[in-house]
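# got a predicted model here, sequence first, then my questions.
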Amino acid sequence: MISALAGLPLAVGQVGEGFFKERNGSACVEHRSHLFCFEWAREHIGDYATPALQQLELVVISVLIGFAIAFALALLAHRFRYLEPPLLAGTGILFAIPSVAFFLLLLPITGRGRETAIIALSAYTLQIIYRNVMVGLHNVPESAKDAARGMGLTSRQLLWKVEVPLAVPEIVAGLRVAVVSTMAIATLAVFVHAGGLGEKIYGSGNLNFPTTIIIAGVIAIVMALLLDAVLLIGQHFATPWRRAAREATA
Amino acid sequence: MSQALLPHPLFAGFGGAFEFIFSRQTSNVTGGHKVGGIDQVLELALRQIEVSVVALALAMLVAIPIGLYLGHKGVGEALAIGLGNASRAVPELAAIALIAAVVGVGFWTLVIVLAVLGIPPILTNTFTGINQVDRPTIDAARGLGMSEFEILRKVEVPMAVPSVMGGIRTSSINIIATATIAPLAGVLTLGNFIINENVYGANGVLAGAIVVSIIALIFEFALAGLQRRLTSKGLRLQAQ
Amino acid sequence: MLMQKVKKRMGPASPGYRVGSVPAAEATEQSQGGASSVVYQGATKRYGKSAVPAVDHLDLEVAAGEICVLVGPSGCGKTTSMRMVNRMVELTEGDILIGGESVKKRDAARLRREIGYVIQQVGLFPHRTIAQNIATVPQLLGWDKDRIRARTGELLELVGLDPELAGRYPVQLSGGQQQRVGVARALAVDPPVMLMDEPFGAIDPINRERLQNEFLRLQAEIRKTVLFVTHDIDEAIKMGDRIAIMHEHGRVEQYATPAEVLMAPANEFVEDFVGADRALKRLSLMRVGDIDLWRAPNARPGQSTAEVRAELDAPDVEVPYALLVDAQDRPQGWLTQRDLAGDTVPATADAPLGPVLETGDVMRDALADLLQGESMYAPVVDHGGRIVGVLSIEIISEFLGSPEAKTDEHSAVERPVEHPVERPHD
């Protein structure tokens, strides 16, 4: 936790004694200045399951929706080049709006709850994925496309059999960024009452209690990294030619 | 919230928010005390802009020189890129809350946290931008007699501008977004309206969201325009 | 005339050079504004702690104003050797002298500003216009804007580019055009030495040949010392005043003129590298006028056919056909039996001339013409169109096989055209 490291030197002084003297969970909780109460954590770790799953659900659904839309838009722009700049600008605007604000802007329209969060999070992922799909398609070697056309593949076959497979690494790179970023932002879903780990941070009284903030944060980060790893492994299996290339040059 | 007649609540909601922005009014939750109005909105908006700009400048000051150096030398790729990846996973809410709980509140504490959050995208993008300038161009520059610093200044940096600006834009978005919830760390920004609904009411919440969005978009357009101005025409043609 | 203007700006006029190789006596160590000699003295490059150096004690002398081609298989050290001159590769041992001065003496960046550098991938700066690219080194040296602008115009003309291209960006130019800009950029401050690393390698064959020819034409005007690296032996033969054939670790197997390399390869490696068709390759170094041509009996209109027939029947006749020539000795056609049936030689001949060669034609092209034409013999004329002799494939192959061919030095331009003499044998 980068920002945690920033505060660490100052916190260590405060916490030094309490850290090693702590034996009793409730005593630790009373002294709210302690950085991390292991006992309390062990006792209450189960409380984090539901929020964590809620957040995971939000992220997975949002990324899937965002991917579907962004991919479709990218294919459109790939076919009709003139659409590329406006779509890039449009998705860019959605990306620039802070998610908290986006959540709340949707309030009058969709109200509080998961749907609002999902819409906002999906919008956030659009630009990342759109850009990466475009770059991936753009980087397909001209020689491969030319050979394919020469062999008699139709445009549609060219797209699905040649261009998209070769663009997979770039697309997956975008998905990984999207997944990790969305997981971090989904913590803010608490502001639209959509659940998630944010509730553990922003919930009543928790703002002064470092332990719960740390646990929530760490769980979010771990989930993000796990999803990242899953996607990486998925890419590995989806692109056997890269594996072969690596083995050939090893 | 009522699902029926969507346009009606929509306009009502936004209408109320705009009123909030421009004139002080009694909120139905505060029992007669006036809130909102253009001066309060501006005060918080300016605070948010102020803290964001300072943090962004600080982040650029730290990240760009390091990125230039590492990129030119071609070392530290793991650091530059790994840091970028790692920081993306950090939930800003947790970061702000933790700092507030452990270190305490204050303008400079906030600025430092924001700057630290903003460094990785700039560092990563500066590194890759410089590192990916192709070798023959650098070779030609060296062969013509440019010193290492001149190569960096006259060849690598101009060619890396799109990438570096992209990193700055990403950082700016992250910083402004996180600055929104700065009130949790004691610095009153527009997030104040959002967080304290019991004080400012639903109108205040929405108003805060609207103004934050406008500010974010202004920054984005300004930086995009700057990027366009700084990118050589030759590079723009090449990208087509 | 263009170069006079340039030389006036750069300094005192350099001694005029003849087209053709610079005789050793005239090639000085350092010509002002023109060219400098380059001397390798035990130059060695070792990477890391490996026992085997990439370039092993190279000793080579390149005279001022010459094109020295470093040619050899990949990995032989030719590029490394070239890059040692401008210290893109630092010497581990030994030294290199430019115009008598060690390259180590000055700061590397300053040294490179006075050496032209052209690489295969060109390396134009995409974010700068053509004019700005060319102006790179002048700007580094602090020239004022007017001087730079004038020089840029000159250079564009020199390399054969439309001056209108000056405001364009590299991405808007073709590969051939980009490389011309690369050459112009290297010549910007009129450096005494040029380094060229496979400069035309990435260009298509047609444009490559054009660029090669134009560079040779350019070199004839400006006479720089050029170190040219290639892996293509044909390019080496075409471009080089002298060729250094490298084997490995920068070891030079033979350093000689192209003709010497072709006619007297120093060892098996050179022979193999030059290729089994080196006899054919030699033909591209020779001109038609260089060898002894045969003679066909010439006949004028109105001449007595008896005389002509007598010549044809002579036992030592080289070409058994009579050539109809006009009053100025210009060939008009071949005379057939029918033509010679009457008393006098007719005004026009029955059989057409076929391809007519000039004494200045390159032998390789002449052979191609002969093979394509249908006649066995091709008349050879001088610059005025007057008949000089007759060429046939037989003549060429005889000459290539003769001992005389193995010892003669053929400097294509300087050798005077000889009149046809008796065949060496029947």
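Here it is on my side, so go on. Numbers count the residues shown, from 1 in each chain, chains lettered A, B, ... in the order given.

# please make it C-alpha for all contacts and neighbour counts, starting now.
Fine.

# can you map out the helices along chain A?
For chain A, the helices defined by DSSP state H occupy A:2-21, A:25-30, A:38-44, A:49-79, A:84-96, A:99-110, A:114-138, A:142-151, A:155-157, A:164-185, A:198-202, A:210-238, A:240-249.

# of all those, which one is nearest residue C:279?
helix A:142-151 (39.7 Å; Cα to Cα).

# among the helices of chain A, which comes closest to residue C:209?
Nearest to residue C:209, of all the helices of chain A, is helix A:142-151, at 26.2 Å by Cα to Cα.

# tell me which residues in that closest one are buried?
A:145, A:148 (16 or more other Cα atoms under 10 Å in any protein chain shown).

# and it, average pLDDT?
Across helix A:142-151, pLDDT averages out at 81.

# quick check, pLDDT for residue 75.
No chain was given, so I picked chain A. On the pLDDT scale, residue A:75 gets 92.

# oops, chain C please
So, for residue C:75, pLDDT stands at 88.

# how close does it get to chain B?
Taking Cα to the nearest Cα, to the nearest Å as the measure, residue C:75 and chain B are separated by 19 Å.

# ok, the residue nearest to that residue when sequence neighbours are not counted - contacts?
In space, and not counting its chain neighbours, residue C:75 is closest to residue C:248: 6.8 Å by Cα to Cα, 6 or more residues apart in numbering or on different chains. Neighbouring residues of residue C:248 by Cα atoms under 8 Å, 6 or more residues apart in numbering or on different chains: C:54, C:55, C:75, C:76, C:77.

# a strand runs through residue C:248, doesn't it?
No. With DSSP: H, G, I helix; E, B strand; the rest coil as the criterion, residue C:248 is assigned coil and is not in a strand.

# on that earlier part again, dump the helices of chain A into JSON lines; add distance to chain C as well.
Converted to JSON lines, the helices of chain A look like this (distance: least, Cα to the nearest Cα, whole Å):
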{"stretch": "helix A:2-21", "distance to chain C": "37"}
{"stretch": "helix A:25-30", "distance to chain C": "59"}
{"stretch": "helix A:38-44", "distance to chain C": "53"}
{"stretch": "helix A:49-79", "distance to chain C": "23"}
{"stretch": "helix A:84-96", "distance to chain C": "21"}
{"stretch": "helix A:99-110", "distance to chain C": "37"}
{"stretch": "helix A:114-138", "distance to chain C": "18"}
{"stretch": "helix A:142-151", "distance to chain C": "17"}
{"stretch": "helix A:155-157", "distance to chain C": "28"}
{"stretch": "helix A:164-185", "distance to chain C": "25"}
{"stretch": "helix A:198-202", "distance to chain C": "47"}
{"stretch": "helix A:210-238", "distance to chain C": "34"}
{"stretch": "helix A:240-249", "distance to chain C": "20"}
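
# in terms of helices and strands, where is the residue nearest the centre of chain B?
Centroid-nearest residue in chain B: residue B:172, 1.9 Å away (criterion: Cα atoms, centre = their mean). Residue B:172 belongs to helix B:157-180 when assigned by DSSP states H and E.

# just confirm yes or no for that helix near chain A.
Yes. Helix B:157-180 lies within reach of chain A by Cα under 8 Å from any Cα of the partner chain, at B:173, B:174, B:176, B:177, B:180.

# how much space between the second one and residue B:107?
Relative to residue B:107, residue B:174 is positioned 18 Å away (Cα to Cα, to the nearest Å).

# more neighbours, these two?
More crowded of residue B:174 and residue B:107, by other Cα atoms under 10 Å in any protein chain shown: residue B:174, with 24 against 14.

# any idea how far chain A is from residue B:39?
To chain A, residue B:39 is 20 Å away according to Cα to the nearest Cα.

# now do the helix or strand hosting that residue against helix B:157-180, angle only.
Assigned by DSSP H and E, residue B:39 belongs to helix B:38-73. Orientation check (axes from the mean of the first three to the mean of the last three Cα atoms, to 10 degrees): helix B:38-73 against helix B:157-180 gives 140 degrees.

# average pLDDT for helix B:38-73, rounded please.
92.

# and stretch B:14-22, by the same measure?
Averaged across stretch B:14-22, pLDDT comes to 76.

# count of residues packed around the residue nearest to the residue nearest to the centre of chain B when sequence neighbours are not counted?
Counting by Cα to Cα, 6+ apart, residue B:172 lies nearest to residue B:56, which is 6.4 Å off, once chain neighbours are set aside. With neighbours defined by other Cα under 10 Å, the count for residue B:56 comes to 29.

# one more: residue C:106?
11.

# who's in contact with it?
Taking Cα under 8 Å, 6+ apart as the contact definition, residue C:106 lies against nothing.

# roughly how far apart are whichever residue of the stretch 151-300 of chain C sits closest to chain B and chain A?
Residue of the stretch 151-300 of chain C nearest chain B, by Cα to the nearest Cα: residue C:169 (5.4 Å). Remark: distance between residue C:169 and chain A (Cα to the nearest Cα) = 22 Å.

# just to check, that residue is in contact with residue C:130?
Yes. Shown here, residue C:169 and residue C:130 form a contact pair, counting by Cα atoms under 8 Å, at 5.8 Å.

# state the mean pLDDT of stretch C:85-104.
93.

# could you tell me the end-to-end distance of that stretch?
Note: stretch C:85-104 ends 10 Å apart using Cα to Cα.

# and chain B, is that stretch touching that?
Yes. Judged by Cα under 8 Å from any Cα, stretch C:85-104 and chain B are in contact via C:86, C:88.

# give the buried residues for that stretch.
Buried residues in stretch C:85-104 (16+ other Cα under 10 Å): C:85-88, C:90-92, C:95-99, C:101, C:103-104.

# that stretch: how far from the chain's middle?
Here the centre of stretch C:85-104 is set off from its chain's centre by 28 Å, with Cα atoms, centre = their mean, to the nearest Å.

# kindly report the same for stretch C:110-125.
23 Å.

# stretch A:67-79 too?
Remark: stretch A:67-79 is offset 20 Å from the chain centroid, using Cα atoms, centre = their mean.

# and it, C-alpha only, in CSV?
Written as CSV, here are the backbone C-alpha positions of stretch A:67-79 (Å, rounded to 0.1, in the frame of the first residue of the first chain):
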residue,chain,number,x,y,z
PHE,A,67,-16.0,-5.2,-22.4
ALA,A,68,-19.0,-6.2,-24.5
ILE,A,69,-19.8,-2.6,-25.3
ALA,A,70,-16.3,-1.4,-25.8
PHE,A,71,-15.4,-4.4,-28.0
ALA,A,72,-18.5,-3.8,-30.2
LEU,A,73,-17.6,-0.1,-30.5
ALA,A,74,-14.1,-0.9,-31.4
LEU,A,75,-15.1,-3.3,-34.1
LEU,A,76,-17.4,-0.6,-35.5
ALA,A,77,-14.6,1.9,-35.5
HIS,A,78,-12.3,-0.6,-37.0
ARG,A,79,-14.7,-1.0,-39.9
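
# following element in sequence after the lowest-mean-pLDDT helix or strand in chain C, please.
Least confident helix or strand of chain C, by mean pLDDT, DSSP states H and E, is helix C:2-10 with a mean of 35. Counting by DSSP H and E, the next helix or strand C-terminal to helix C:2-10 is strand C:38-45.
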